[in-house]
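K.L.:
Next come a sequence and a model predicted from it.
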Amino acid sequence: MPPLKIAPSILASDFSRLGEEVRAVIDAGADWIHIDVMDGHFTPNITIGPAVVASLRTHSTVPLDVHLMISDPDRYIRDFADAGADIITFHVEAAKHPHRTLTMIKELGCQAGIVLNPGTSHDEIEFLADYVDLVLLMTVNPGFGGQKFIPEMLRKIQYVRAMLGERDLEVDGGIDAETAAQVIQAGANVLVAGSYIYRSRSYLAAIESLRANE
Ligand code: DX5
Ligand code: ZN
């Protein structure tokens, strides 16, 4: 399995101090910064656009992992790449031609990944797996932080790990020290965590507890 990485989701941070919040988790050992982009259409919530990504770029010494939860991702990929995204993932449920979207992301110099909602089968990516740098499996329904981990996703993680070999398999939603142990055991190696890290008293202790099961 590739090395374990922790990707704090800034969705749960204090938005009035975003730059500071990003630097704080990097100082505490974050490997990537996970940025949740929602459009109020694909998801019931609205969050962050390219301008915010661009302003965070100078605050981050680690890769910016931009998770697009938006309809018609092709329309906005260039904007997020220009803003400084290092990794761009999009939902297979939102893309009309996911193979084309993957190609676009790579041509812009970013790593490209496909995201699957909890209800979407791993079969959806069977014929795309050779073209991805990573896969992100949602372990809650996209839209909000602080939701409960869906345990059936552990079986999907196992299937997707077998497809990906040594590439990154990211999980997102309801990750805490307990579920981290389960997803790592199943084959995930990139853990997104929002509330668990940003609602803790010590970002360092929270990140270390997620790594404890490595
Ligand atoms: C949910 C987002 C997640 C969210 C995770 O739609 O994609 O990245 O921030 O939050 P927690 O870790 O609180 O479940
Ligand atoms: Zn996310």
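P.N.:
Now that the structure is in, tell me what you want to look at. Ligands and ions are numbered 1, 2, ... in the order given.
K.L.:
can you tell me which helix in this structure is longest?
P.N.:
Secondary structure of the chain per DSSP state H: the longest helix is helix 153-164.
K.L.:
Show me what that one is packed up against.
P.N.:
Applying 3 or more C-beta pairs under 8 Å, 6 or more residues apart in numbering; DSSP states H and E, we find helix 153-164 packed against strand 134-138, strand 168-172, helix 177-186. Backbone N, C-alpha and C define where each C-beta goes, glycine included.
K.L.:
and that helix with strand 134-138, angle?
P.N.:
Put simply, helix 153-164 runs at 170 degrees to strand 134-138, going by axes from the mean of the first three to the mean of the last three C-alpha atoms, to 10 degrees.
K.L.:
Send me helix 153-164 as CSV with only the CA atoms.
P.N.:
The C-alpha coordinates for helix 153-164 follow below in CSV (Å, rounded to 0.1, in the frame of the first residue of the first chain):
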residue,chain,number,x,y,z
MET,A,153,-18.1,1.5,2.3
LEU,A,154,-15.4,-0.7,3.8
ARG,A,155,-16.2,-3.4,1.2
LYS,A,156,-16.0,-0.9,-1.6
ILE,A,157,-12.6,0.2,-0.4
GLN,A,158,-11.3,-3.4,-0.7
TYR,A,159,-12.6,-3.6,-4.3
VAL,A,160,-11.1,-0.3,-5.3
ARG,A,161,-7.7,-1.1,-3.6
ALA,A,162,-7.5,-4.2,-5.8
MET,A,163,-8.1,-2.0,-8.9
LEU,A,164,-5.5,0.7,-8.0
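K.L.:
Report the beta-bridge partners for T89.
P.N.:
Bridge pairing for T89 (DSSP bridges) gives the partners H67, G113.
K.L.:
Please tell me how far it sits from A28.
P.N.:
According to C-beta to C-beta, to the nearest Å, T89 and A28 sit 23 Å apart.
K.L.:
neighbour count winner among the two?
P.N.:
More neighbours surround T89 than the other of T89 and A28, with 27 against 18 (other C-beta atoms under 10 Å).
K.L.:
which residues sit in contact with that one?
P.N.:
Going by C-beta atoms under 8 Å, 6 or more residues apart in numbering, T89 touches 65-68, 112-115, 134, 136, 170.
K.L.:
Ligand 1 next: which of those residues are close?
P.N.:
By C-beta under 6 Å from any ligand atom, the members of the contacts of T89 lying near ligand 1 are H67.
K.L.:
Now that we have the contacts of T89, can you turn them into a markdown table and tack on distance to I35?
P.N.:
As requested, the contacts of T89 are exported to a markdown table (distance: C-beta to C-beta, whole Å):
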| residue | distance to I35 |
| --- | --- |
| D65 | 7 |
| V66 | 5 |
| H67 | 7 |
| L68 | 9 |
| A112 | 16 |
| G113 | 13 |
| I114 | 17 |
| V115 | 13 |
| L134 | 15 |
| L136 | 13 |
| E170 | 13 |
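K.L.:
Tell me how many other residues surround the residue of the chain found nearest ligand 2.
P.N.:
Of the chain, the residue with the smallest distance to ligand 2, taken as C-beta to the ion, is H67 at 3.8 Å. Using other C-beta under 10 Å, H67 has 29 neighbouring residues.
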